[in-house]
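Novice: Just to be clear, the model below is a prediction. Sequence and coordinates:
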Amino acid sequence: MDSKESSKGALSRRAAIAASLAPLIVPRHVLGGAGYQAPSDKLAIAAVGVGGMGKNYLNGCKDENIVALCDLDYEFAAPVFKTYPNARSYRDFRQMFDKEQKNFDALIVATPDHWHSHLVLAGLAMNKHIYCAKPITHTIAEARQVKAACLASKATTKASIQDSRTSYARATTELLLTGAIGPIHEVHIWTGTYSPSGLARPTEVQTPPEGMNWDAWCGPSPARPYHKTYHYGNWRPWWDFGTGTVGDFGCHTLQMFHDEIEMGAPDWVVGVGCQAFSLAGRVDNAECMSIANTVQWHIPARNKFPEMMVFFYDGGLAPPRPASMPRDVPMPGSGIMFVGDKGIQISAFYGGNPWLPFGTQPRPGQRVRGLPGGWLLPESRFHDFQQPPPTLARCEKPDHYTEWVRMCKAGKKSITPIEFACGLTEFALLGTLAQRRHSMPVAPPAGATGSAGAAGGARDRHEAKVLDWDSKAMKFTNDDAANTLVDTPYRKEWDFKV
């Protein structure tokens with residue numbers, strides 16, 4: 001993916017949205033008997049970024065026709081290429097699009113976050129169905145662009161929120177919608193941190209894997225010297241390429257309640273990251289997520305829903321335990337806690353009962369504390385409360401990828417279309433942006449004395465500033481530095497030339 005290469009029919013970043021999106025030809029799928037799928041009925045799929053999560057996405061579609069695969073790192077992706085020997089392999093997605101555009105119906109996007117919007121927009125402009133990793137985009141501006149393009153397209157899209165619409169996720173939503181705990185005024189979300197964080201930028205010079213165009217991997221983001229700290233798979237906490245834990249995991253939990261309780265957009269947000277130290281001393285780095293972080297979003301009153309606060313914690317942090325929680329019960333290691341006027345609902349992070357193994361529902365006759373959708377407090381008040389019957393549409397996890405394939409063939413929307421996930425992504429990315437803003441050193445106040453006012457002391461001062469958000473104007477009204485992160489510029493040579 002050399003930036004000097006020309007690409008026939010190149011699209012600019014801005015032109016992609018306005019590009020004419022012609023109706024798709026939906027492949028016929030008349031089955032020739034039980035379980036039989038004629039070759040002509042198979043969805044022809046191309047994928048970009050197949051060495052990491054992409055191999056899982058492809059495995060979910062393995063019964064279809066995998067025609068073209070692209071990855072910058074052939075060594076890392078070699079097992080995937082071997083799995084699909086009939087698929088043609090590429091290092092440059094632009095070359096793949098030029099040569100294979102007429103040969104595939106659907107595109108899987110499994111690259112690091114900073115490449116998502118470019119590839120989704122390119123796929124839609126070619127009238128391809130899209131499956132995309134979450135978060136859908138790297139910036140808020142990109143989320144708006146991708147949503148607009150999806151709404152203008154007749155393609156079938158799906159976001160990689162694998163637990164969305166499962167029975168355990170839906171049970172949490174259905175329990176919440178009973179109104180048992182009354183109007184909600186607080187939501188607390190907490191999870192671990194799963195990538196090396198709180199790091200200084202690497203100084204060691206390393207060599208990329210053989211044949212890998214590292215400049216193309218950096219792509220539209222600022223160029224960084226190659227280091228294994230970024231690749232393989234550890235790019236998520238680095239702001240130039242990833243979106244931190246809140247961006248990575250936010251969609252997985254927001255999908256259960258963001259739209260249902262009409263959260264929409266907050267009117268302010270604030271983030272805080274803990275201070276990191278290494279053997280070399282204090283780590284002051286505005287480029288990498290800290291070890292443990294918190295975010296607060298303020299949601300104004302809307303329709304029947306009152307003013308509300310949303311809190312996010314990672315890195316082992318958790319919300320204060322409620323007074324109504326039995327003292328012999330510890331807080332779950334991760335989860336969601338809804339605080340209402342009449343009570344509290346604690347559910348598993350991905351949905352379901354917080355005391356059951358991940359992604360499971362109670363077996364018939366199994367005794368478990370709480371209900372399938374969560375645990376209601378105080379227990380004395382909700383002792384006889386029952387889980388409501390299932391009413392919301394479901395898509396179980398084993399059917400996540402195959403549901404997308406079926407909807408592509410039928411020319412229908414998937415159960416979790418990308419435009420839906422763009423709303424979740426934007427909400428989460430406001431948290432990412434608040435964390436990034438907190439990591440930027442600020443000048444000491446006028447007249448300050450001591451270390452904060454000493455030479456070099458400004459780097460020690462970080463400010464948990466409340467950022468006032470004007471969603472309609474897509475900008476912060478009180479912070480110019482934060483506004484630079486809403487729509488970060490692309491490197492000129494990689495300004496969406498596909």
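Specialist: Noted; the coordinates are in hand. The shown structure was predicted, so the numbers you read here are calculated from the model rather than taken from an experiment.
Novice: since we're on the residue lying closest to residue 326 once chain neighbours are set aside, how many residues are nearby?
Specialist: Of all residues not flanking residue 326 in the chain, residue 379 sits nearest, at 7.1 Å (C-beta to C-beta, 6 or more residues apart in numbering). From N, CA and C alone the C-beta is placed, and that goes for glycine too. Using other C-beta atoms under 10 Å, residue 379 is surrounded by 16 other residues.
Novice: secondary structure element for the residue lying closest to residue 142 once chain neighbours are set aside?
Specialist: Nearest residue to residue 142, sequence neighbours excluded (C-beta to C-beta, 6+ apart): residue 117, at 3.8 Å. Here residue 117, judged by DSSP states H and E, is contained in helix 116-125.
Novice: List the contacts of the residue nearest the centre of the chain.
Specialist: The chain has residue 135 as the residue nearest its centroid, 2.3 Å off, counting by C-alpha atoms, centre = their mean. Residues near residue 135 by C-beta atoms under 8 Å, 6 or more residues apart in numbering: 113, 116, 243, 247-248, 250-251, 421, 424-425, 428-429.
Novice: From residue 147, how far off is the closest residue to it other than its chain neighbours?
Specialist: Leaving aside its sequence neighbours, residue 135 sits nearest to residue 425 (C-beta to C-beta, 6+ apart; 4.3 Å). Note on residue 425: its distance to residue 147, by C-beta to C-beta, to the nearest Å, is 9 Å.
Novice: The two - which one has more neighbours?
Specialist: Shown here are residue 425 and residue 147; by other C-beta under 10 Å, residue 425 has more neighbours (31 against 22).
Novice: Isn't the more buried one up against residue 251?
Specialist: Yes: if you go by C-beta atoms under 8 Å, residue 425 and residue 251 touch, sitting 6.2 Å apart.
Novice: which neighbours do the two share?
Specialist: 134-136.
Novice: now the helices for the chain?
Specialist: Using DSSP state H, the helices of the chain run over 13-18, 54-60, 74-83, 93-100, 116-125, 140-152, 167-176, 214-218, 244-254, 400-410, 418-439, 480-483.
Novice: So what's the gap between the shortest one and the chain middle?
Specialist: Pointing back at helix 480-483 there. 22 Å (C-alpha atoms, centre = their mean, to the nearest Å).
Novice: Just list what it packs against, helices and strands only.
Specialist: helix 418-439, strand 475-476 (3 or more C-beta pairs under 8 Å, 6 or more residues apart in numbering; DSSP states H and E).
Novice: Quickly run through the sheet partners of the shortest one, with directions.
Specialist: What that stands for is strand 475-476. strand 467-470 (antiparallel) (DSSP bridges).
Novice: related to what we said a few turns ago, now render the helices and strands packed on helix 480-483 as a markdown table, adding distance to residue 491 and mean pLDDT.
Specialist: Output for these, formatted as a markdown table (distance: least, C-beta to C-beta, whole Å; pLDDT from 0 to 100):
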| stretch | distance to residue 491 | mean pLDDT |
| --- | --- | --- |
| helix 418-439 | 19 | 97 |
| strand 475-476 | 23 | 98 |
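Novice: Looking at the ones you listed, which one is packed in the most?
Specialist: helix 418-439 (a mean of 26; mean count of other C-beta atoms under 10 Å).
Novice: Let's test this: name the helix or strand in this structure with the lowest mean pLDDT.
Specialist: Between all helices and strands in the chain, the lowest mean by mean pLDDT, DSSP states H and E belongs to helix 13-18, at a mean of 41.
Novice: Residue 264 reaches residue 299, doesn't it?
Specialist: Yes: using C-beta under 8 Å, residue 264 makes contact with residue 299 at a distance of 7.2 Å.
Novice: Of those two, give the one with the bigger neighbour count.
Specialist: In terms of neighbours (other C-beta under 10 Å), residue 299 is the more surrounded of residue 264 and residue 299; the figures are 23 against 16.
Novice: Can you give me the neighbour number for residue 232?
Specialist: Residue 232 has 12 neighbours, counted by other C-beta under 10 Å.
Novice: roughly how far apart are it and residue 60?
Specialist: Distance from residue 232 to residue 60, counting by C-beta to C-beta: 21 Å.
Novice: likewise residue 273?
Specialist: The gap separating residue 273 from residue 60 is 35 Å, by C-beta to C-beta.
Novice: what do you get for residue 464?
Specialist: Going from residue 464 to residue 60 by C-beta to C-beta gives 41 Å.
Novice: Of those two, which one has the most company?
Specialist: Taking neighbours as other C-beta under 10 Å, residue 464 and residue 60 compare with residue 60 leading, 21 against 13.
Novice: which ones are touching that one?
Specialist: By C-beta under 8 Å, 6+ apart, the residues touching residue 60 are 400-402.
Novice: And for residue 431?
Specialist: Counting by C-beta under 8 Å, 6+ apart, residue 431 touches 246-247, 250, 269, 271, 295, 297, 312.
Novice: now those as JSON lines including neighbour count and distance to residue 64?
Specialist: Compiled in JSON lines, these are given as follows (neighbours: other C-beta atoms under 10 Å; distance: C-beta to C-beta, whole Å):
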{"residue": "246", "neighbour count": "27", "distance to residue 64": "33"}
{"residue": "247", "neighbour count": "26", "distance to residue 64": "29"}
{"residue": "250", "neighbour count": "28", "distance to residue 64": "30"}
{"residue": "269", "neighbour count": "25", "distance to residue 64": "41"}
{"residue": "271", "neighbour count": "26", "distance to residue 64": "41"}
{"residue": "295", "neighbour count": "27", "distance to residue 64": "39"}
{"residue": "297", "neighbour count": "24", "distance to residue 64": "39"}
{"residue": "312", "neighbour count": "27", "distance to residue 64": "37"}
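Novice: between the residues you listed, which is nearest residue 156?
Specialist: Of all the contacts of residue 431, residue 250 has the smallest distance to residue 156: 23.8 Å, by C-beta to C-beta.
Novice: thinking residue 346 is in contact with residue 339, fair?
Specialist: No: if you go by C-beta under 8 Å, residue 346 and residue 339 don't touch, sitting 9.8 Å apart.
Novice: on that earlier part again, including distance to residue 285, could the contacts of residue 135 go into TSV?
Specialist: What follows is the contacts of residue 135, written out as TSV (distance: C-beta to C-beta, whole Å):
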residue	distance to residue 285
113	19
116	24
243	16
247	17
248	19
250	22
251	26
421	29
424	28
425	25
428	22
429	20
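Novice: out of these, which one sits closest to residue 481?
Specialist: Distance to residue 481, by C-beta to C-beta, is smallest for residue 429 among these, at 16.2 Å.
Novice: Roughly how far does the closest one sit from residue 487?
Specialist: Plainly put, residue 429 is 11 Å away from residue 487 if you go by C-beta to C-beta.
Novice: Next, count neighbours for residue 159.
Specialist: Per other C-beta under 10 Å, the neighbour tally for residue 159 reads 26.
Novice: list the contacts for it?
Specialist: By C-beta under 8 Å, 6+ apart, residue 159 lies in contact with 132, 134, 136, 251, 416-418, 420-421.
Novice: Now it: closest residue in space, sequence neighbours ignored.
Specialist: In space, and not counting its chain neighbours, residue 159 is closest to residue 421: 3.5 Å by C-beta to C-beta, 6+ apart.
Novice: Now do the contacts for that neighbour.
Specialist: Counting by C-beta under 8 Å, 6+ apart, the residues that residue 421 touches are 132, 134-136, 159, 161, 251, 255.
Novice: most neighbours, which of these?
Specialist: For these, the largest neighbour count, defined by other C-beta under 10 Å, is 33 neighbours, found at residue 136.
Novice: Report how many residues lie close to residue 88.
Specialist: Counted with other C-beta under 10 Å, residue 88 comes out at 16.
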